[in-house]
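Participant: no sequence for this one, just the structure:
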């Protein structure tokens, strides 16, 4: 009995030991499997991080390039703007020279008269020099003066370079006294008709139609704010501007 009990106890001990060994081996195998899986995940994450870093580096480089190109474009635009402004300034200066020639020659042809004067960049005819009161029909004296004007301009025009887009602008101005004329409903219409009459005669004298423009300002731009007859007479006028389109 005692020997048999001892044998059974030894067998149980052996079984427990074997079970413990198998459990330990299973745990070790599980640890190895988990460690391999963890290493695989770490390797995958490392690759993903490296890929993200490469993508970020590419984007940063692209942004730097875009910023540099943007600065280059801005510099080019600035340079082009400066060149354009210089070219425009040169054209304005060139047109100013021909305007001075035109006004100087016109003054020689028309003579020194108080009702025909140069004001800044304009040559101003008082209305009565060219037209009868409340009329848009050029008087005989007015037609003669407009023809003289056209002859001077035709002398100057061939010297103006073809790439200068010049035009003679004929501006009609009226006083603010209400018009009493069945033909014209307003001073604006009278001023327009007078400007057109001057422009048409200039074209008839040989000025190209694309080099003349007729404009009406009505009574909106008086040069004398007074209410007397003298002020009204000064405000009734035709202004000529040699300008660019």
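Facilitator: Arrived safely. No experiment lies behind these values; they were computed from the predicted model shown.
Participant: Checking my notes, residue 117 in a helix, right?
Facilitator: No: assignment of residue 117 by DSSP: H, G, I helix; E, B strand; the rest coil gives strand, placing it outside any helix.
Participant: among the helices and strands of the chain, which one scores worst on average pLDDT?
Facilitator: Sorting the helices and strands of the chain by mean pLDDT, DSSP states H and E puts helix 2-110 at the bottom, at a mean of 71.
Participant: how about residue 220, phi and psi?
Facilitator: As for residue 220, its main-chain torsions (degrees, to the nearest 10) stand at phi -80, psi -10.
Participant: got a list of what it touches?
Facilitator: By C-beta atoms under 8 Å, 6 or more residues apart in numbering, the contact set of residue 220 is empty. Where you see a C-beta, it was placed from the backbone N, CA and C, and this is true even at glycine.
Participant: Mind checking the pLDDT average for stretch 188-208?
Facilitator: Throughout stretch 188-208, pLDDT has a mean value of 96.
Participant: give me phi/psi at residue 123?
Facilitator: When quoted as degrees, to the nearest 10, the phi and psi of residue 123 stand at phi -110, psi 120.
Participant: Can you give me the neighbour number for the residue nearest to it when sequence neighbours are not counted?
Facilitator: Of all residues not flanking residue 123 in the chain, residue 240 sits nearest, at 4.3 Å (C-beta to C-beta, 6 or more residues apart in numbering). Number of residues near residue 240 (other C-beta atoms under 10 Å) recorded here: 25.
Participant: Centre of the chain to the strand or helix carrying residue 240, how far?
Facilitator: Following DSSP states H and E, one finds residue 240 within strand 237-244. Here the centre of strand 237-244 is set off from its chain's centre by 26 Å, with C-alpha atoms, centre = their mean, to the nearest Å.
Participant: Likewise for stretch 69-85?
Facilitator: Using C-alpha atoms, centre = their mean, the offset of stretch 69-85 from its chain centre is 14 Å.
Participant: and it, which residues are buried?
Facilitator: Buried residues in stretch 69-85, counted by 16 or more other C-beta atoms under 10 Å: none are found.
Participant: what sits opposite the residue nearest to residue 123 in the beta ladder?
Facilitator: residue 123, residue 170 (DSSP bridges).
Participant: Can we start the residue count at 55 from this point?
Facilitator: Sure, I'll start numbering at 55, so the last one becomes residue 294.
Participant: hmm, back to that, give me the contact list for the strand holding residue 294.
Facilitator: 145-146, 149, 152-153, 156-157, 173, 175-181, 184, 203, 218-227, 248-249, 252, 277.
Participant: Nearest residue to the middle of the protein?
Facilitator: residue 135 (10.8 Å; C-alpha atoms, centre = their mean).
Participant: how far away is residue 283 from residue 177?
Facilitator: As for residue 283, its distance to residue 177 is 24 Å (criterion: C-beta to C-beta, to the nearest Å).
Participant: what's the answer for residue 127, then?
Facilitator: In terms of C-beta to C-beta, residue 127 sits 45 Å off from residue 177.
Participant: first to last residue in stretch 247-267, what's the distance?
Facilitator: Stretch 247-267 has its terminal residues 12 Å apart, counting by C-alpha to C-alpha, to the nearest Å.
Participant: Next: stretch 277-291.
Facilitator: Span of stretch 277-291 from end to end, C-alpha to C-alpha: 10 Å.
Participant: swap in stretch 187-201?
Facilitator: Note: stretch 187-201 ends 21 Å apart using C-alpha to C-alpha.
Participant: same question for it, mean pLDDT?
Facilitator: Stretch 187-201 comes out at a mean pLDDT of 93.
Participant: quick one: contacts of it?
Facilitator: Residues outside stretch 187-201 that contact it (C-beta under 8 Å, 6+ apart): 164, 170, 179, 183-186, 233-235, 237-238, 244, 247-248, 250-252, 255-256, 259.
Participant: Please check the residues you listed and keep the buried ones.
Facilitator: 164, 170, 179, 183-185, 233, 238, 244, 247-248, 250-252, 255-256, 259.
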